[in-house]
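Student: Make a model of this:
(one chain, ligands or ions: 1)
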Amino acid sequence: MPDEGKAEREVPDDALVERFHQLWYSQPDTWLTTYWLGVKTLKCPLDLWIYQEILFTTRPDVIIETGTYSGGSALYLACICDAIGNGRVITVDNRASDDRPAHPRITYVRGSSAAPRVVAEVKQAIEPREGAMVILDSDHRKDHVLGELRAYAELVKEGSYIVVEDTNVNGHPVCPNFGPGPMEAVEEFLAEDDRFVVDAERERFLLTMNSRGYLKRVKA
Ligand SMILES: C[S@@+](CC[C@H](N)C(=O)[O-])C[C@H]1O[C@@H](n2cnc3c(N)ncnc32)[C@H](O)[C@@H]1O
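Tutor: Residues are numbered from 1 along each chain as shown. Next up, the predicted model:
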């Protein structure tokens, strides 16, 4: 066992982080073979653990997830809600699928997550008194992510979070040719909305796909 609390905290060097990210995406048995209760889940388990901690401490009434894919992350979130006895999941994807898991806490919405019709449908499903946690994992291009941030931020109450997934693309440190993506959307959003800050404490496991992507609302 490590000697708890005595070691100085160190930040991993860039080369180590870069190598982890490269391996994560290049190996055949990492991100594409991660399952939650048998359902494919495109998440790094280190980040899922952080999700669990956020859900337990902030207890949002609703989790809005954009980018459902197979529904593995939505099922994971719903199971954590079951465990803590609170919350439901609204998950949005523009691609239809009959194979996604059914769960009483999950609502599937079909459509583009930044489209006004879809944003209105999601907002209509939430009571004014309810607070949301938002997870953005759909189209990772900057303009789309920024549109999502602007659309859903108001649903997040003080103390809760928006998580912008995959800020690692566009050379941070993977996919250098991606073009402006989630990281660039985060920087522009933070420059225009001072209610949110980066919560670096949520990156404390040293390796995350969401660097600077755990955004905490700190002002009403
Ligand atoms: C990275 S996957 C989501 C992974 C999932 N959250 C998980 O952790 O398993 C991205 C998903 O976003 C969806 N998507 C792409 N563009 C979208 C858009 N404009 N609106 C909503 N969903 C979109 C894709 O169909 C795909 O299922």
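Student: contacts, neighbours, all on C-alpha from now
Tutor: Fine.
Student: pretty sure Y76 is touching Y35, no?
Tutor: No - using Cα atoms under 8 Å, Y76 is not in contact with Y35, being 9.5 Å away.
Student: Which residues of the chain lie near the ligand?
Tutor: 41-43, 66-73, 92-95, 111-113, 137-139 (Cα under 6 Å from any ligand atom).
Student: let's go with 5 Å and repeat that
Tutor: 41-43, 67-69, 72-73, 93-95, 112-113, 138-139 (Cα under 5 Å from any ligand atom).
Student: can you tell me which of those are in strands?
Tutor: D93 (DSSP state E).
Student: Now a PyMOL select for only the buried ones of the residues of the chain next to the ligand.
Tutor: Buried subset of the residues of the chain next to the ligand, written as a PyMOL selection, criterion 16 or more other Cα atoms under 10 Å:
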select buried, resi 41+42+43+67+68+69+72+73+93+94+112+113+138+139
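Student: And the furthest pair within the residues of the chain next to the ligand?
Tutor: K43 and S112 (20.9 Å; Cα to Cα).
Student: wait, what's in contact with T208?
Tutor: Shown in contact with T208 (Cα atoms under 8 Å, 6 or more residues apart in numbering): 44, 46-47.
Student: Actually, V218.
Tutor: Contacts of V218 (Cα under 8 Å, 6+ apart): 158-159, 195-197.
Student: Of the residues you listed, just say which sits nearest to F20.
Tutor: Once Cα to Cα is applied, the member of those that ends up nearest F20 is V197, at 25.9 Å.
Student: Next, that closest one: phi, psi?
Tutor: phi -130, psi 160 (degrees, to the nearest 10).
Student: quick one: it from R117, how far?
Tutor: 28 Å (Cα to Cα, to the nearest Å).
Student: Just want to know which of these two has more residues nearby.
Tutor: V197 (19 against 12; other Cα atoms under 10 Å).
Student: confidence score at that one?
Tutor: Looking at V197, its pLDDT reads 98.
Student: beta partners for it?
Tutor: Taking DSSP bridges, one obtains K216 as the residues bridged to V197.
Student: which residues of this structure fall in helices?
Tutor: Counting by DSSP state H, the chain has helices at residues 14-26, 45-58, 72-84, 116-124, 142-152, 182-192.
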